[in-house]
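Trainee: Have a look at this fold, sequence not included:
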Ligand SMILES: CC(C)[C@H](C(=O)O)[C@@H](O)C(=O)O
Ligand code: SF4
């Protein structure tokens, strides 16, 4: 008999179940989305789809738009409009298209003339748009950041952006529960960034695949909201769909006075806090995976390779392929060493740098800047460095930093003080590394070419990047802040002589070092601030889906050459580098596929050793990757679009990045999981290596060789299979249950009224589709006169 008593639930279970509009027997869930953040890179094709289908944005009041990836970070003193300010044509087009869409759909927008503009994951929390217990999505993988508030927040692809804009819901599946518990006292010089780099080093970049990670334990509880955001931000680098931290007093304090949070002391605030306080995992709740970490085992950590799992303590050395047991890791290590230009055994602190980047949605909040400023105060960046940049995460962070005089500290030290944006985190704007330049970066990804083709990235905390700026090499912040570095540096030939600032140089014991490095993280949140005819095996014609959203190409069977690939963690930056994300179309990306691997950067010629440049693989329709975690990293749907445009309709691998996996289905493609080291995967890979065609039969769920013999059977979620085989359009399907969405919205308005139309757009009714009325002067006007400025 079913028990009336609910089994204990995790935080994730609770937020998920509070947002289920509809659930099918096969586990497919229609999830209500409370908060939708939008930026210029992943939205144009979604808005185009809406326009083509004559659909509206269902909840403008729950949608917040900004521009961040493409924009220059140069001074905006002379900024009049995007059209005149952004020099690079494709970037300009993308930003102007966003502004057009904002106007056409009546959305709240923080553009370049608005001080509230900033990196999408910085502005959501800053405004109180991100609230505990909400579902938050954005066409961006680091949406996981918002999970720090106890929100279920995750990145989605462009097709899903369109789905959310049209329906305010998302079709999804239940994720697994994973718990990462960090207990104890963090050592001196160790910050939240070190925690998450250490965790990823332990679990690997595929460690969280298919799961939502709950971060808990005394070390996490003791962190500020900013620090929790840095941790949740990088859950995606640990392969997870999302990261979450249960809301607590630190969360509530952070939210007090934020423009879009319920007004403090109002009855709504009290109701909200009561609800938010219930959002913690129940005693005895079950997790599919649990990881326990002792805070004292975490050192200031840096990356050495081209994956966020390639990390060592700063006191360590560059590893050698022999340090890894399994073959895939050995191969990745070799490849990474070559790309990074490093020799095994080199002490990390001997690695000389060219550039320093302190910024990104991981570490460009006020607390990050305060920490970096404490380290550099009164010192100078090393003369050997070509460039050291501070890029605040938002206009408001920048203003607050300036009010505190941090800009002066940085400028005096020789840093550049920039305007807000993603900047050199991925270099879609002019801030990039040149080939072979080495950068100490507070961002989150060190993939090949991430910060510029051929550029070499070392990930670390703001404190460590600041220390590196002073030394000109990767450096141990504990030495800098305690003064011992100064003695060593004086001895070292050619090292700059640096006068230590009294407030820094005086620090000699761990307690004081904590004060300099960690105090801000410890709860000191500043409130101020088919192609048609999949069954037609022969054709290799233009295969991109049209801008229309209605109807998807069917997938029944696919016969063709399969290209083998033996690489682990093929990330979406490798599948399609950032310079090709500036398009506002879905088509024509085939030539950009695996661009850095496919073409010689000097001559532009094809590299003959790359598999897709060789016959018969030029005509491949299937990709067989024997390494795990294919498509990890960013949410760019440009990755499946590029594969599709090249002619590849099916990717077979042991595992996939979650967002990439979803994105392929939305484009009539089939991602298939076959277990690593299984006979089945080996058999399919052998056919691929032999250059023989295979047939993927989705109806029968089998892969056959050219003689019709079965090589492997596979599983696919029933709902997804049904949609693919019948070419069904998700949005159309969802609209069939619109009455359920309306009922959900009516209930939501009663239970959590603070989520309706708060702040920037007022709703004229309750539930359902109603017009949102813009509050005057919140969209484009100069912030000085802006009544909403705070
Ligand atoms: C552009 C966007 C799709 C991408 C992401 O999803 O992460 C970007 O923000 C990144 O960091 O690579
Ligand atoms: S990871 Fe970098 S590029 Fe992506 S949203 Fe964050 S700052 Fe922007």
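Mentor: Happy to help now that I have it. Predicted model, so just to flag it, every value in this text is computed and none were measured. Ligands and ions are numbered 1, 2, ... in the order given.

Trainee: Starting from ligand 2, give me the distance back to the residue in the stretch 401-550 of the chain that ligand 1 sits nearest to.
Mentor: Across the stretch 401-550 of the chain, the shortest distance to ligand 1 (C-beta to the nearest ligand atom) belongs to residue 426, at 5.0 Å. Using the backbone N, CA and C atoms, a C-beta is placed for each residue, glycine as well. Separation of residue 426 from ligand 2 (C-beta to the nearest ligand atom, to the nearest Å): 4 Å.

Trainee: Do you know the pLDDT at the closest residue to that residue other than its chain neighbours?
Mentor: Leaving aside its chain neighbours, residue 426 sits nearest to residue 578 (5.0 Å; criterion: C-beta to C-beta, 6 or more residues apart in numbering). For residue 578, the pLDDT comes out at 95.

Trainee: who touches residue 578 in this structure?
Mentor: By C-beta atoms under 8 Å, 6 or more residues apart in numbering, the residues touching residue 578 are 426-428, 450.

Trainee: Which of those lies at the shortest distance from residue 322?
Mentor: Set against residue 322, the nearest of those by C-beta to C-beta is residue 450 (26.8 Å).

Trainee: Distance of that closest one relative to ligand 2?
Mentor: 9 Å.

Trainee: give me the number of residues near that residue?
Mentor: 30 (other C-beta atoms under 10 Å).

Trainee: what's the burial count for residue 604?
Mentor: 7.

Trainee: Quick check on it: phi, psi?
Mentor: phi 80, psi 0 (degrees, to the nearest 10).

Trainee: Show me what from this structure comes close to ligand 2.
Mentor: The interface of the chain toward ligand 2, taken as C-beta under 6 Å from any ligand atom, is made up of 68-69, 119, 121, 140, 142, 360-361, 422, 425-426, 443-444.

Trainee: Low-confidence stretches in the stretch 601-750 of the chain?
Mentor: Residue ranges of the stretch 601-750 of the chain with pLDDT under 70: none are present.

Trainee: which stretches of it form helices?
Mentor: 638-646, 658-665, 679-689, 718-726, 730-735, 738-751 (DSSP state H, counting those that start in this stretch).

Trainee: what's the most buried one of those?
Mentor: Stretch with highest mean neighbour count among the helices of the stretch 601-750 of the chain: helix 638-646 (a mean of 28; mean count of other C-beta atoms under 10 Å).

Trainee: what angle do that helix and helix 658-665 make?
Mentor: In terms of direction (axes from the mean of the first three to the mean of the last three C-alpha atoms, to 10 degrees), helix 638-646 departs from helix 658-665 by 40 degrees.

Trainee: Which other helices and strands does helix 638-646 contact?
Mentor: Packing partners of helix 638-646 (3 or more C-beta pairs under 8 Å, 6 or more residues apart in numbering; DSSP states H and E): helix 572-575, helix 658-665.

Trainee: contacting residues for whichever residue of the stretch 51-200 of the chain sits closest to ligand 1?
Mentor: Closest to ligand 1 within the stretch 51-200 of the chain is residue 141: 3.6 Å, counting by C-beta to the nearest ligand atom. Contacts for residue 141 (C-beta under 8 Å, 6+ apart) come out as 155, 236, 633-635, 659.

Trainee: closest to ligand 2 among the residues you listed?
Mentor: Closest to ligand 2, out of all of these and judged by C-beta to the nearest ligand atom, is residue 634, at 6.9 Å.

Trainee: which residues does the residue nearest to residue 671 when sequence neighbours are not counted contact?
Mentor: Spatially, and ignoring its direct neighbours in sequence, residue 671 is nearest to residue 664 (4.6 Å; C-beta to C-beta, 6+ apart). Counting by C-beta under 8 Å, 6+ apart, residue 664 touches 631, 640, 643, 651, 670-671.

Trainee: Please repeat the previous calculation with a cut-off of 10 Å.
Mentor: 157, 631, 637, 639-640, 643-644, 648-651, 656, 670-672, 720 (C-beta atoms under 10 Å, 6 or more residues apart in numbering).

Trainee: how close does it get to ligand 2?
Mentor: For residue 664 relative to ligand 2 (C-beta to the nearest ligand atom), the value is 21 Å.

Trainee: and this structure, which residues reach ligand 1?
Mentor: So far as C-beta under 6 Å from any ligand atom goes, the chain lies against ligand 1 at 41-42, 69, 140-142, 155, 426, 581, 634-636.
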